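A.B. asks: sequence unknown, structure follows:
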């Protein structure tokens, strides 16, 4: 029996749920994006998700090889159980795998969204592009710099899961040990996420405006509710000193966090994704991150890696979820 | 044909070379320790090492399953080539595997000493002890806190090697981002090794004595050349304020570095070894490291790990090298 040619993928984030039909080469044949139910119960969330998957299966128009789902939170590697997801707490303890295999009679795999994003870039994004150019990637670290900061590692074709599937949390590594270090949403101080995420950049901008340090900044002229990370990037493009100084801090924090990643994981490719990364690329700040890293890395051999931005953009979670299906079925590419 | 019952192990450090005959259960049947030739040429080093191995093979008194060697520096995973070892630079580019397989007609495997120490603790040390008590370890991070600070990771029975075998370099992760951060031997600033290694502790003690901050410290009464990490630990045991303050810094640096390791590798066991660890254990400072880590770790699930000290002591590299032989031959335990 031959494997069907399409997989159904879901990327269940804190705000949106995306679904897609994706072929064996990682090409999206159909996709949809829906907002999550607001303040819904567990049952409302699950009914909604099942409806979205049923629609995607219908759109596939034939047999489906499997369902792959990327979820915003930790997933227990063996049972596929969702654990204490900060943005979807009503779903704590749910095993989507068991639920959906019963509902749809196809194999289901579930993974953490940042881990699967790494998997997507490895098989169908920056990793594939490098392999096609004759430089196959052994160890790929993916960082999403977005509302939060997360990460995933693929080593020789497998996601690195550690003891409980909670690996690659670069957003909560320490990059500031000074007295002035910012408090992070996780409760600790000096985490990368507090300095480089979209919410971190917004918080820093608001607090520095409130302190009155930069009265002539273009950001000071905005209504308070319009001060966000996009506004900081726009102002930095026009050399606004406050905006430039905030992004200097984010760049320096990312360089420290990624240097630690290089010394611990020894990747030969680092891929940055997420909305904040788009802003960094536009201002050519990936070059500056790389420059600062090179000044800190301990050996020439550790410096032998590519640093690049995501090739898959917003679809990285969906494509990674499909890559997991093809990988599990032994049918990638 | 059955596999012979003993392996020959070598642990080639910066100062000493140890050799041993070790059985399938990790038990040392014979061992020897020799100083390295001082300022020798590459040929003198290699002749000396071959002589030590020949002696060990003779001591084995029969067929040898293989030779395992732990070396102080990076090893290329596929070819077994030794790369830019900071303490054994004359051996840069040498493949012991090729040399010794020809010389002794037995299979040879070579690995980085910290990686193999992790392997040794996993199969025959703290990891085995935990498994024997019904709690098998999935992901073990080993840290050597000694002259330098290094690390190794074993995940589901395999050493994590990354792209080029240069992983787990916790000693060169950043744990101090303040202006006052110390310069490390690697050229960077604020590395864990600069604050918590034996040489780091000695340098800090000497520099703070020179600054005259603690004129009444017991360390100030010592001859300058007797101020070393052992003296700091001895003084700290007697509550000497300078010594206590230096070790507070080392403990805090280790807690930050290991918290980053927990967030990136998600280990369920962390094992600390090396001479400085012996001092930390004596003063019950592993408990304090654990306490500080718990205050920083982002989730309850990440906190589910054991933190303990090495069960194998000075023999950890030798036993890890033998574990590699048994693992490669599929004959562990």
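C.D. replies: That came through, no problem. Predicted model, so just to flag it, every value in this text is computed and none were measured.
A.B. asks: can you confirm residue A:161 is in a strand?
C.D. replies: No: checked against DSSP: H, G, I helix; E, B strand; the rest coil, residue A:161 lies outside a strand; its state is coil.
A.B. asks: the residue lying closest to it once chain neighbours are set aside: neighbouring residues, count only.
C.D. replies: Of all residues beyond its chain neighbours, the one nearest residue A:161 is residue A:77 (4.7 Å), with distances taken as C-beta to C-beta, 6 or more residues apart in numbering or on different chains. Where you see a C-beta, it was placed from the backbone N, CA and C, and this is true even at glycine. Counted with other C-beta atoms under 10 Å in any protein chain shown, residues neighbouring residue A:77 total 19.
A.B. asks: and if you look at residue A:34?
C.D. replies: Close neighbours of residue A:34, defined as other C-beta under 10 Å, add up to 14.
A.B. asks: how close does the residue nearest to residue A:161 get to residue B:284?
C.D. replies: Applying C-beta to C-beta, to the nearest Å, one obtains 35 Å for the distance of residue A:77 from residue B:284.
A.B. asks: give me the contacts around stretch A:90-100.
C.D. replies: A:40-42, A:45-46, A:49-50, A:53, A:67, A:69, A:71, A:79-85, A:108-110 (C-beta atoms under 8 Å, 6 or more residues apart in numbering or on different chains).
A.B. asks: can you give me the helices in chain A?
C.D. replies: Per DSSP state H, chain A has helices spanning A:42-60, A:96-104, A:113-124, A:126-132, A:192-196, A:198-210, A:229-237, A:241-265, A:275-282, A:285-296, A:316-328. These are given in chain order.
A.B. asks: single out the most deeply packed of those helices.
C.D. replies: Neighbour counts (mean count of other C-beta atoms under 10 Å in any protein chain shown) averaged over each of the helices of chain A peak at helix A:113-124, with a mean of 30.
A.B. asks: between that helix and helix A:316-328, how many degrees?
C.D. replies: Orientation check (axes from the mean of the first three to the mean of the last three C-alpha atoms, to 10 degrees): helix A:113-124 against helix A:316-328 gives 70 degrees.
A.B. asks: could I get the average pLDDT for helix A:113-124?
C.D. replies: Here the mean pLDDT over helix A:113-124 is 97, rounded to a whole number.
A.B. asks: off-centre distance for that helix?
C.D. replies: Centre-to-centre, helix A:113-124 and its host chain are 9 Å apart (C-alpha atoms, centre = their mean, to the nearest Å).
A.B. asks: show me what that helix is packed against.
C.D. replies: For helix A:113-124, the contact count by 3 or more C-beta pairs under 8 Å, 6 or more residues apart in numbering or on different chains; DSSP states H and E identifies strand A:67-71, strand A:139-145, strand A:149-155, strand A:158-159, strand A:269-273, helix A:316-328 as packing neighbours.
A.B. asks: tell me, what residue is most central in chain A?
C.D. replies: In chain A, the centroid-proximal residue (C-alpha atoms, centre = their mean) is residue A:144; its distance is 3.6 Å.
A.B. asks: so what's the residue lying closest to that residue once chain neighbours are set aside up against?
C.D. replies: Ranked by C-beta to C-beta, 6+ apart and with sequence neighbours excluded, the top spatial neighbour of residue A:144 is residue A:274, at 4.1 Å. With contacts taken as C-beta under 8 Å, 6+ apart, residue A:274 has the following neighbours: A:143, A:144, A:145, A:146, A:149, A:310.
A.B. asks: count of neighbours near the fifth one?
C.D. replies: Meaning residue A:149. That count, for residue A:149 with other C-beta under 10 Å as the rule, works out to 31.
A.B. asks: list the contacts of stretch A:282-298.
C.D. replies: Taking C-beta under 8 Å, 6+ apart as the criterion, the residues outside stretch A:282-298 that touch it are A:233, A:236-237, A:247, A:251-252, A:254-256, A:258-259, A:262-263, A:272, A:277, A:280, A:303, A:307-309, B:169, B:172, B:174, B:186-188.
A.B. asks: stretch A:211-221 now?
C.D. replies: For stretch A:211-221, the external contacting residues (C-beta under 8 Å, 6+ apart) are A:205, A:208, A:209, A:227, A:231, A:232, A:235, A:238, A:240, A:241, A:242, A:243.
A.B. asks: can you tell me the average pLDDT over that stretch?
C.D. replies: Per-residue confidence for stretch A:211-221 averages out to 93 on the pLDDT scale.
A.B. asks: now the end-to-end length of it.
C.D. replies: Separation of the first and last residues of stretch A:211-221 by C-alpha to C-alpha, to the nearest Å is 14 Å.
A.B. asks: pop the domain breakdown of chain A in here.
C.D. replies: Each structural domain of chain A that the record assigns through automatic domain parsing is listed here as a residue range: A:6-119+A:314-328, A:133-310.
A.B. asks: relative to residue B:17, which of those is closest?
C.D. replies: With C-beta to C-beta, the closest approach to residue B:17 among these belongs to domain A:133-310: 23.3 Å.
A.B. asks: and the end-to-end length of the closest one?
C.D. replies: Here domain A:133-310 reaches across 17 Å from its first residue to its last, counting by C-alpha to C-alpha.
A.B. asks: now swap in stretch A:58-68 and tell me
C.D. replies: End-to-end distance of stretch A:58-68 (C-alpha to C-alpha): 16 Å.
A.B. asks: check the offset of it from the chain's centre.
C.D. replies: 25 Å.
A.B. asks: for the stretch 1-150 of chain A, which residues are neighbours of chain B?
C.D. replies: Among all residues of the stretch 1-150 of chain A, those adjacent to chain B (criterion: C-beta under 8 Å from any C-beta of the partner chain) are A:74, A:83, A:84, A:137, A:138, A:139.
A.B. asks: 6 Å instead?
C.D. replies: A:138, A:139 (C-beta under 6 Å from any C-beta of the partner chain).
A.B. asks: low-confidence ranges, the stretch 1-150 of chain A, go.
C.D. replies: Per-residue confidence for the stretch 1-150 of chain A (pLDDT under 70) gives these ranges: A:1.
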